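Asks: here are the coordinates; sequence isn't available:
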């Protein structure tokens, strides 16, 4: 075991899968000679060549769209969208083409494509670099949506994604790239989709989160413990597939739930989680479920972003409110 | 930056290549690259398309098939270009009007009817047939064609990818992005742009200020050519050259086939609202099927009696396809879930199970 940052874990997963399967090809802006703007692909072009780590034109739609044809030719494309917010310029190819080509072609053309996309706030980026757009992809049938919070999960889930015959959107938290550091085994492993991770056990309330918000939830839980509130934290890891049983079990164990995400409130994936709890664990509830999210406003410029995405203080406040309503 | 001059093809990518006058006579000094029997076979496919389109349109009016688009007036462009491909080696990535090209690649006629009658399995193209399914989203298939061509090349496989789209779809950003990438990667792809004059009701002049769509190729660093899209032999020759260039590693070609949509955009469209009657009549005089027929007559390759027999045979072929498609079991509700995921999961399986258990849909 070695302690590794998430960016190192992602690079390791890419290198290992490229070495294992010569059909794996990486596409993206600045991923070759520059090694990616966050160095996720550093050294890979030198190792695997310019035909397998391809510097693409500034063209998100054809980065995603050419992956459809590459997959149809028998390859396993791993396109990088430099920031998830730029994915809107490829959304029609991801939602309208990649996600439904297997269905449209009635099984002839599977799309074993993994779209990697960094996102998330509190790293002082310009506009459209931070937006948490996961909900619109989760509402795109045919696609799977993966959102790791740790280096261990990033590596295991990325290997799983590359080997999965279905298309996957793999969202990488910018804030977690270097801050999320944990033990990653040297041997090969995968993390299965659809199994949430209980980060911390609690008896009073469970906070449900994904990606970088998991760390905010864990810190709030730690502070709540000092106040005598026992808080569990559940990391969903993947939104599609969704671990409905894991959510129901966590809520049954506590009777209270708080959902945290970086995306705006209305239509955010938190609404899906709340509805799922209501369907599967209603009789376990001792208090209304609450959500701590970004407001229904566009992602702001950096000077005020700390007021926008959920902070430890806001999550702690949410925990106190839900527990107080018992 | 143009298709090399051979056999009379101009170096100017904006000058339309022609081989055959509307009365079927060949250009002076031109000898067809295709043998007579091949021209006859291509004519047969053009006529089959026309017979099929006429029948499908009438089936739609009877409520037996859903909304569809016909290729009326564009048969030479579609058949001539697909005839330049080697179906076992080359690929077709269609929009939705190019059924003739898919037939030539090896798709069975009844599959289209099955699909337009509402059964999703009709859209499955069998293994070994080098084609992707029809694409409803305009221009979205063009990036796919580039990726496919690039992928073939990366794997050292021979083969050219020909993708169809119209002058309307060429306004989509996807087409620009795809052509740009194709130029960079020198992908063995042919962009076959059918300029049929109309995007539903929008005329070319409102689609683009360019006087030549083929001229755009220069901006992407590859060859462009303009061809009379109602001239079967010209379309074949120009596409053939593009295939040879692609196979030789010389990269993509953009071909603008200037043709005219003689029918409506689709079965839901009423072109009398926007197409000038006299202009349409003038264009009917340039029908690509009439042109090849006149050529074949003049060459003694097809008598009136032979054509009548051929037409009966094709009509029967279409009727057989209609019967086969209509005798197929109707689509079932469970097909909502077929082929959505290769590896489905609990929530998805539960939705399917609820349907299987007979819950109302």
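Replies: Arrived safely, thanks for sending. These numbers were taken from a predicted model, which means no experiment stands behind them.

Asks: contacts for the lowest-mean-pLDDT helix or strand in chain A next, please.
Replies: The weakest-scoring helix or strand in chain A, judged by mean pLDDT, DSSP states H and E, is helix A:176-179 (a mean of 86). Among residues not part of helix A:176-179, those counted as contacts by C-beta atoms under 8 Å, 6 or more residues apart in numbering or on different chains are A:5-7, A:38, A:40, A:118, A:120, A:148-150, A:154, A:211-212, A:215. Where you see a C-beta, it was placed from the backbone N, CA and C, and this is true even at glycine.

Asks: what residues sit buried inside the helix or strand harbouring residue A:250?
Replies: Element membership for residue A:250 (DSSP states H and E) is helix A:244-254. Neighbour counts using 16 or more other C-beta atoms under 10 Å in any protein chain shown place A:244, A:246, A:247, A:248, A:249, A:250, A:251, A:253, A:254 of helix A:244-254 among the buried residues.

Asks: and those as a markdown table, adding distance to chain B?
Replies: As requested, these are exported to a markdown table (distance: C-beta to the nearest C-beta, whole Å):
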| residue | distance to chain B |
| --- | --- |
| A:244 | 6 |
| A:246 | 11 |
| A:247 | 11 |
| A:248 | 12 |
| A:249 | 14 |
| A:250 | 16 |
| A:251 | 17 |
| A:253 | 20 |
| A:254 | 22 |
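
Asks: follow-up on the earlier one: max pairwise distance over the contacts of helix A:176-179: which two?
Replies: A:40 and A:215 (19.5 Å; C-beta to C-beta).

Asks: what's near enough to touch the residue in the stretch 201-326 of chain A that chain B sits nearest to?
Replies: Nearest to chain B in the stretch 201-326 of chain A, going by C-beta to the nearest C-beta, is residue A:241, at a distance of 3.5 Å. Going by C-beta under 8 Å, 6+ apart, residue A:241 touches A:144, A:193, A:194, B:345, B:346, B:347, B:348.

Asks: ok, of those, which come out buried?
Replies: Applying 16+ other C-beta under 10 Å to the contacts of residue A:241 flags A:144, A:193, A:194, B:345, B:348 as buried.

Asks: could you identify the most distant pair in these?
Replies: A:193 and B:348 (11.8 Å).

Asks: up against chain A, what does the stretch 1-150 of chain B have?
Replies: Taking C-beta under 8 Å from any C-beta of the partner chain as the contact definition, the stretch 1-150 of chain B meets chain A at B:93, B:120-121, B:123-127, B:132-133, B:137, B:140, B:142-150.

Asks: filter these down to the buried ones, ChimeraX style.
Replies: Of the residues of the stretch 1-150 of chain B next to chain A, the buried ones go into a single ChimeraX selection, burial set by 16+ other C-beta under 10 Å:
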select /B:93,120,121,123,124,125,132,133,140,142,143,144,145,146,147,148,149,150
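
Asks: let's see which of the residues of the stretch 1-150 of chain B next to chain A end up in helices.
Replies: Secondary structure defined by DSSP state H assigns B:142, B:143, B:144, B:145, B:146, B:147, B:148, B:149, B:150 of the residues of the stretch 1-150 of chain B next to chain A to helices.

Asks: I'd like these as CSV, with pLDDT and distance to residue B:97 appended.
Replies: Listed next are those as CSV, based on pLDDT from 0 to 100; distance: C-beta to C-beta, whole Å:
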residue, pLDDT, distance to residue B:97
B:142, 98, 15
B:143, 98, 19
B:144, 98, 17
B:145, 99, 16
B:146, 98, 20
B:147, 98, 22
B:148, 98, 20
B:149, 98, 21
B:150, 98, 25
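
Asks: of all those, which comes closest to residue A:78?
Replies: residue B:147 (13.3 Å).

Asks: nearest to the spatial middle of the chain, which residue is it?
Replies: No chain in the question, so chain A it is. residue A:147 (1.6 Å; C-alpha atoms, centre = their mean).

Asks: actually it's chain B I care about, not the one you picked
Replies: residue B:98 (2.7 Å).

Asks: and that residue, what does it touch?
Replies: By C-beta under 8 Å, 6+ apart, residue B:98 lies in contact with B:71, B:78, B:82, B:92, B:134, B:164.

Asks: so which helix or strand takes in the third one?
Replies: In this assignment (DSSP H and E), residue B:82 forms part of helix B:75-83.

Asks: quick one on the thing from earlier: so which of the contacts of residue B:98 is the most crowded?
Replies: residue B:78 (31 neighbours; other C-beta atoms under 10 Å in any protein chain shown).

Asks: residue contacts, that one?
Replies: Counted by C-beta under 8 Å, 6+ apart, residue B:78 has contacts B:49, B:71, B:97, B:98, B:100, B:101, B:164, B:194.

Asks: just checking, which of these belong to strands?
Replies: B:164, B:194 (DSSP state E).

Asks: return the member of the contacts of residue B:78 nearest to residue B:289.
Replies: residue B:49 (8.9 Å).

Asks: correct me, but the closest one touches residue B:100?
Replies: Yes. Counting by C-beta atoms under 8 Å, residue B:100 is a contact partner of residue B:49 at 4.5 Å.

Asks: quick check: neighbours shared by these two?
Replies: Common neighbours of residue B:49 and residue B:100 (C-beta under 8 Å, 6+ apart) are B:71, B:75, B:78, B:79.

Asks: on that earlier part again, so how far is residue B:273 from the residue nearest to the centre of chain A?
Replies: 50 Å (C-beta to C-beta, to the nearest Å).

Asks: just list what the host helix or strand of residue A:25 packs against, helices and strands only.
Replies: Assigned by DSSP H and E, residue A:25 falls within strand A:24-28. Under the contact criterion of 3 or more C-beta pairs under 8 Å, 6 or more residues apart in numbering or on different chains; DSSP states H and E, strand A:24-28 touches helix A:6-20, strand A:53-55, helix A:60-72, strand A:76-80.

Asks: just these: most buried one?
Replies: Highest mean neighbour count of the helices and strands packed on strand A:24-28: helix A:60-72, a mean of 29 (counted as mean count of other C-beta atoms under 10 Å in any protein chain shown).

Asks: report the angle between that one and strand A:76-80.
Replies: On the basis of axes from the mean of the first three to the mean of the last three C-alpha atoms, to 10 degrees, helix A:60-72 is oriented at 170 degrees to strand A:76-80.

Asks: would you mind checking the average pLDDT for helix A:60-72?
Replies: Helix A:60-72 carries an average pLDDT of 98.

Asks: and the stretch 151-300 of chain B, which residues reach chain A?
Replies: So far as C-beta under 8 Å from any C-beta goes, the stretch 151-300 of chain B lies against chain A at B:151-152, B:154-155, B:157, B:161, B:173-174, B:177-178, B:180-181, B:184.

Asks: mind giving me a markdown table with those and columns for neighbour count and secondary structure?
Replies: Converted to a markdown table, these look like this (neighbours: other C-beta atoms under 10 Å in any protein chain shown; DSSP: H, G, I helix; E, B strand; the rest coil):
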| residue | neighbour count | secondary structure |
| --- | --- | --- |
| B:151 | 25 | helix |
| B:152 | 27 | helix |
| B:154 | 19 | helix |
| B:155 | 14 | coil |
| B:157 | 12 | coil |
| B:161 | 32 | strand |
| B:173 | 14 | helix |
| B:174 | 28 | helix |
| B:177 | 28 | helix |
| B:178 | 33 | helix |
| B:180 | 18 | helix |
| B:181 | 28 | helix |
| B:184 | 18 | helix |
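
Asks: most widely separated two among those?
Replies: B:157 and B:173 (29.2 Å).

Asks: just give the closest residue to residue A:177, not the sequence neighbours.
Replies: residue A:7 (4.4 Å; C-beta to C-beta, 6 or more residues apart in numbering or on different chains).

Asks: list the contacts of stretch A:284-298.
Replies: Contacts of stretch A:284-298 (C-beta under 8 Å, 6+ apart): A:132, A:248, A:251-252, A:255-266, A:268, A:270-271, A:274, A:277-278, A:308-310, A:314-315, A:318, A:321-323, A:325-326.

Asks: having no further points to raise, I will conclude here.
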